[in-house]
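Q: A predicted structure for the sequence below; I have some questions about it.
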Amino acid sequence: MKKVGLQMNILMAVTLSFCLSLLGTLSSGHFTVPGFLMSFGISTVISLIIGFLVPMKKLEDGLVRKCGIEEHSLPARLLSSLVSDLIYTPILTFSMVFMAYRQATAHGSKMPFLPSFIKSLILSLIVAYIIIFIVKPLFLKFIMKQNGMSGAPADKS
């Protein structure tokens, strides 16, 4: 199961980092390929570190049980997606906005940090939640199949 967790961490880190980096650079109004690649690289490293440090599955499953929600149900998936979103997205968004702020101010531009961060955080939380909710079960099913295990139980919605 550690192998499955490691593979999930990598797939989710790369996917979430790609999507949020693309969203951030496009919504900034100053999209550049080098800016996107730098954002994607840094975001991926941060996501991988979070994934290695935070036992997401244990945390999500514990919260689902504590809330009295049936495991593998639609409400459980919605809650698990929210937990992942609230752990990863604020850290990634802060890092990316701070990086953009530092670059902008270094080049003489005036970029208000807090309004930029709040706007970006709200947008990122919404987009990341949808991405996590959609791709997480798909990745889990794929990884389980690749490792010769039966997939997770279907949603009981």
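A: Nice, I can see it.
Q: for stretch 73-93, what does the pLDDT average out to?
A: Stretch 73-93 comes out with an average pLDDT of 95.
Q: list of residues touching that stretch?
A: Residues from elsewhere that reach stretch 73-93, judged by CB atoms under 8 Å, 6 or more residues apart in numbering: 12, 16-17, 20, 24, 43, 46-47, 50, 54, 56, 59-60, 63-64, 67, 69-70, 117, 120-121, 124-125, 128-129, 132-133, 136-137, 155-157. C-betas here are computed from N, CA, C, even on glycine.
Q: from the residues you listed, which would you call buried?
A: Burial by neighbour count, 16 or more other CB atoms under 10 Å: within the contacts of stretch 73-93 this picks out 12, 16-17, 20, 24, 43, 46-47, 50, 56, 60, 64, 69, 117, 120-121, 124-125, 128-129, 132-133, 136-137.
Q: the helices in this structure, which residues?
A: With helices called from DSSP state H, the chain shows them at 2-27, 33-53, 56-66, 74-106, 113-146.
Q: between the last one and helix 2-27, how big is the angle?
A: Orientation of helix 113-146 against helix 2-27 (axes from the mean of the first three to the mean of the last three CA atoms, to 10 degrees) gives an angle of 140 degrees.
Q: what is the mean pLDDT for helix 113-146?
A: Helix 113-146 comes out at a mean pLDDT of 94.
Q: what packs against that helix?
A: helix 2-27, helix 74-106 (3 or more CB pairs under 8 Å, 6 or more residues apart in numbering; DSSP states H and E).
Q: what's near enough to touch residue 20?
A: Neighbours of residue 20 in contact, by CB under 8 Å, 6+ apart: 43, 89, 92-93, 96, 124, 127-128.
Q: could you rerun that using 10 Å?
A: By CB atoms under 10 Å, 6 or more residues apart in numbering, the residues touching residue 20 are 39-40, 43, 47, 88-89, 92-93, 96, 120, 123-124, 127-128, 131.
Q: is it true that residue 22 touches residue 96?
A: No - counting by CB atoms under 10 Å, residue 22 sits too far from residue 96 to count as a contact (11.1 Å).
Q: now the common contact residues for the two.
A: Common neighbours of residue 22 and residue 96 (CB under 10 Å, 6+ apart) are 39-40.
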